[in-house]
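Visitor: After the sequence you'll find the predicted model.
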Amino acid sequence: MKSKIPITTVIGSYPVEINTEEIIKNYYIQKPISWNKYIKSAVDDMIRAGIEMISDGQTRDSFVNIFYRKIGGCRIRERPEVFEKIRYTGPITIDDQKYVRSIIPENKKLIGLLTGPYTLSKSCVDLFYHNEQELAFDFANILREEAKNLQKYVDMISIDEPFFSVSMPDYAKDLIEIIIRDLKCPIRLHVCGDVSDIVHDILEIPVDILSHEFKALPKLFDVFKEHSFNQEICLGSVRSDNPVLEPVEEIVNHIKKGINVFDDKISQISPDCGLRLQPRDIAYKKLRNLVKAWSVVYG
Amino acid sequence: MFSFTKKQEIIDIADTQIGGQPGYLPTVLIGGLFFKGEPDYNNAKKQIKKMYNLSEKTGNPAIPDFFIRKEEYIDKIIDFIEKNIPKNKPFSVDIIEPDLKIKTLETLSNKKLLKRTIYNSIHVGTTEEEQKTIKKHTPEAAIIVAFNPKDKSPDGKIEILADGAGLTDKGLIKITEELGIKKILIDTAAMAPGDYSGASIAAIPVIKEEYGLATGCAIHNVVEKSKWVNTLFPAAKKPVDAASNLNISLFGGDFAVYGPIHNSDLVFPIIAWEDILVSEYTERYFGVKPVEYHPRRKFFEK
C-alpha cells in the first residue's frame, strides 16, 4: 500500500508473572537468582506475536526503578530517593540487552529503552539537590554514558519521557540533546499522555522518531496536522490503559487514519505505551492483533 | 556502639523479652534443631536442656527453633514441643514449604500452642493460602525475612519491608500486621559469601532506626557457606560459626538465630561477653541501664 513499510515494535514495559515461591526457595538454599527466565517470557511473547523490533520488556523492575537501582547516589526504600550527587557507576540495562540479543532470531531487531532524565528527576524524592533542573541534567549525563554503551548492542534507542506531558520544562530539548549527542544509532522519543499543548516543543527535539498515544488520544492526529516536521512517527495503535482487546479491523482503520495524516512518515506501529499493567494474555493478544492489522495494511 | 533515635519496641513472647535500645536487654539466642536427617528427640532433649542451663548462667534468653522438613515430622515435633518445652517459654517453628507451614499452624492451634509460637517466617514467597491460615490460626509472633532479590543492600531490605519491591502488593510489615500478628521480629536475610553477605549485619541498625522493631539474623548461614573455612580450617568452623553472632550484638541487634544448637556451649558465653562490652559503653554514654538478668549484672554488678 505504501512505498515505505513501517515495522511493528513495542513501548516500555511488558507484564511478568514472578514466581516468588521459587525465589524464596532459592534464597534458602543460597542459589543465585537469575532474571533471565522473566526477560525470556516477555521476549517470547513478542516473538510469538510477530513483533519485528523487540525489547527486553523491562520486566526486572518498574521503568524508573531499573535506573535508580543502578545509579550511584540513588537508593530505593519506600520510594526512590536521591541522597547524594548522582553518578554513572556502570552499565544499567546492557546485560539484559546482551541476553535478549542472544535469544532472538537474527532477523529480529532490538530496541533499548532508557527512561528519560526529566521523568527520573520527577519520580524520586530529592534529598540532596533541591534543584530539579540540576538533578535532571545530572540524570541526562548519566543516561548519555549508558546510551553510548547501549548503542553497541541495540538497533535503536528509545528515550521514554512520560513526564513531559505532565509538565514540559523549558530545558527539555537540552536534556535530550545531552543524551543523543554523537550517538550513531537512531533515537525514538516516547511521550505518552496528552501532548496536545506541547507538540510544538516536542517537534523541536532532534530525534529520529516521535512516539505518542494516538489510539487513546486520536485528537493528536488533528494537532499534528497543524505542524510540519522532519521526524518519523511511531503510531500508537492499541491502548495500553484498557484491557479491552481491539479487533484487528479497528486497528486497521486506525493505521489507515494515521497514514492519511502522516503518510509515509510512519516508521513504527506499536502499542500506545507499555503494557505492564495488563494481564499477560491480554498484552500478548494486543500485540498479536497489532501485527495482524499491520499485515492487513502493509502485507 | 550506639543508641537509636527511633523509639525501640520491646515485645514479650511467653515471658521472653526481645528488642529495645542496645545494652538494655541481653541478646536473645534462637538455636536451631533438626536441620538434617531424622529428628533425634533424645539428643534434642539434651541439647535444649544444655541451652536452658547456659541461658540461666549467662542471662541470655534461649528459644529453640524447630526446623520441620517433612509432613510426617509435624505431629512428632509438636508433641515433642508440648512435652519438653516449659509452658512459660516460647519456641520457634522454622519451615520452608507453604503446605507444611499450613499444617503446622493447624496442629499448633489444635494443641493450643500458638500463644508461645514464633512463626519463622513471612517473606516474599508467603502464599495466599498460607496467609489465610495465619489469619485463622494466628501465631503470637512472626519473623519477617527481609530478603529482596532485587537489592540485597540495607536499603533493599527496607524496600521489601516498606513496599514489597514490586514482588508483593504491600510491604512485608504491612502484610504481617494485616494478618493479625502484632509481635514482629525482622531477620535481615543473611546471604552467601560473595553475595553481599555483610549487608545482613549492616542492615540491623538501619532497620532498627527505621522501624524500631526487634531485629537480628541467622549470620551462621554465611559461615555454613564459607567453603574456605570448612575445607582449609575445619577445626575453626565451630568457633567461627559461634563468633559470627558477635556481629549482631555489636551492631545493635536483638536476636541471633544460631545453628546448630550443638554450638550453644560457645555461642552463649561469646554473646554474653559481647553484650557486657556493649552494655558497659551504652550505660555510661547513653544511660541505658541493663535489665537485672543481663549478663553484665549477672557477672559484675548485682
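Guide: Sure, I can see it. Numbering: from 1, shown residues only, chains lettered A, B, ... in the order given.
Visitor: State the number of residues packed around the residue lying closest to B:Ile13 once chain neighbours are set aside.
Guide: Counting by Cβ to Cβ, 6 or more residues apart in numbering or on different chains, B:Ile13 lies nearest to B:Pro90, which is 4.3 Å off, once chain neighbours are set aside. In this view, the C-beta of every residue, glycine as well, is placed from N, C-alpha and C. Number of residues near B:Pro90 (other Cβ atoms under 10 Å in any protein chain shown) recorded here: 26.
Visitor: Repeat that for the one 5 residues further on.
Guide: As a burial measure, B:Ile95 scores 22 neighbours (other Cβ under 10 Å).
Visitor: Next, give phi and psi for it.
Guide: The phi and psi values for B:Ile95, taken as degrees, to the nearest 10, are phi -140, psi 140.
Visitor: Could you pull up the contacting residues of the residue nearest to B:Ile13?
Guide: Each residue near B:Pro90 by Cβ atoms under 8 Å, 6 or more residues apart in numbering or on different chains is listed here: B:Ile13, B:Ala14, B:Asp15, B:Thr16, B:Ile63, B:Arg116, B:Thr117, B:Ile118, B:Glu140, B:Ala141.
Visitor: Just the buried residues out of the residues you listed, in PyMOL syntax.
Guide: Command for PyMOL, covering only those of the contacts of B:Pro90 found buried under the criterion 16 or more other Cβ atoms under 10 Å in any protein chain shown:
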select buried, chain B and resi 13+14+16+63+116+117+118+140+141
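Visitor: Between all of the contacts of B:Pro90, which two are at the greatest distance?
Guide: Within these, two members stand farthest from each other by Cβ to Cβ: B:Asp15 and B:Thr117, at 14.0 Å.
Visitor: Remind me which helix or strand A:Ile233 belongs to.
Guide: strand A:232-238 (DSSP states H and E).
Visitor: What's the first helix or strand after that strand?
Guide: Past strand A:232-238, the next helix or strand by DSSP H and E is helix A:248-262.
Visitor: I'd like the mean pLDDT over the helix or strand following that following helix, please.
Guide: Once helix A:248-262 ends, the next helix or strand along the chain (criterion: DSSP H and E) is strand A:266-271. Averaged over strand A:266-271, pLDDT sits at 98.
Visitor: Helix A:248-262 and strand A:266-271, what's the angle between them?
Guide: Taking axes from the mean of the first three to the mean of the last three Cα atoms, to 10 degrees, one finds that strand A:266-271 is oriented at 150 degrees with respect to helix A:248-262.
Visitor: Mind giving me the packing neighbours of strand A:266-271?
Guide: strand A:7-8, strand A:209-212, strand A:232-238, helix A:248-262, helix A:280-298 (3 or more Cβ pairs under 8 Å, 6 or more residues apart in numbering or on different chains; DSSP states H and E).
Visitor: ok, how many other residues are close to the residue nearest to A:Cys124 when sequence neighbours are not counted?
Guide: Counting by Cβ to Cβ, 6+ apart, A:Cys124 lies nearest to A:Pro80, which is 4.1 Å off, once chain neighbours are set aside. Other residues near A:Pro80 number 21, with proximity taken as other Cβ under 10 Å.
Visitor: And for the residue most central in space within chain B, nearest residue in space, chain neighbours not counted?
Guide: For chain B, the residue nearest the mean C-alpha position is B:Val257 (4.2 Å; Cα atoms, centre = their mean). Once flanking residues are discounted, B:Val257 sits nearest to B:Ala218: 3.8 Å by Cβ to Cβ, 6+ apart.
Visitor: what do you get for A:Val125?
Guide: A:Glu81 (4.6 Å).
Visitor: Now do the same contact list for residue 285.
Guide: Let's take chain A. A:Leu245.
Visitor: You answered for a different chain; I wanted chain B.
Guide: If a contact means Cβ under 8 Å, 6+ apart, then B:Tyr285 has B:Met1, B:Ser3 as its contacts.
Visitor: Was I right to think the residue nearest to A:Val125 contacts A:Leu127?
Guide: Yes. Contact criterion Cβ atoms under 8 Å: A:Glu81 and A:Leu127 qualify, at 5.5 Å.
Visitor: Between the two, which is the more surrounded one?
Guide: Neighbours were counted for A:Glu81 and for A:Leu127 using other Cβ under 10 Å; A:Glu81 has more, 18 against 12.
Visitor: from the chain's centre, how far out does the helix or strand containing the more buried one sit?
Guide: Using DSSP H and E, A:Glu81 falls within strand A:80-88. Here the centre of strand A:80-88 is set off from its chain's centre by 23 Å, with Cα atoms, centre = their mean, to the nearest Å.
Visitor: contacting residues around it?
Guide: Everything outside strand A:80-88 that qualifies as a contact, by Cβ under 8 Å, 6+ apart, is A:64-65, A:68, A:71-75, A:123-129, A:135, A:138-139, A:141-142, A:145-146.
Visitor: what sits against the residue of the stretch 51-200 of chain B found nearest chain A?
Guide: Distance from chain A to each residue of the stretch 51-200 of chain B (Cβ to the nearest Cβ) is smallest for B:Gly125, at 3.1 Å. Shown in contact with B:Gly125 (Cβ under 8 Å, 6+ apart): A:Thr20, A:Glu21, A:Glu22, A:Ile23, A:Ile24, A:Lys25, B:Pro98.
Visitor: burial count for the second one?
Guide: Spelled out, that is A:Glu21. Residues lying near A:Glu21 (other Cβ under 10 Å) number 17.
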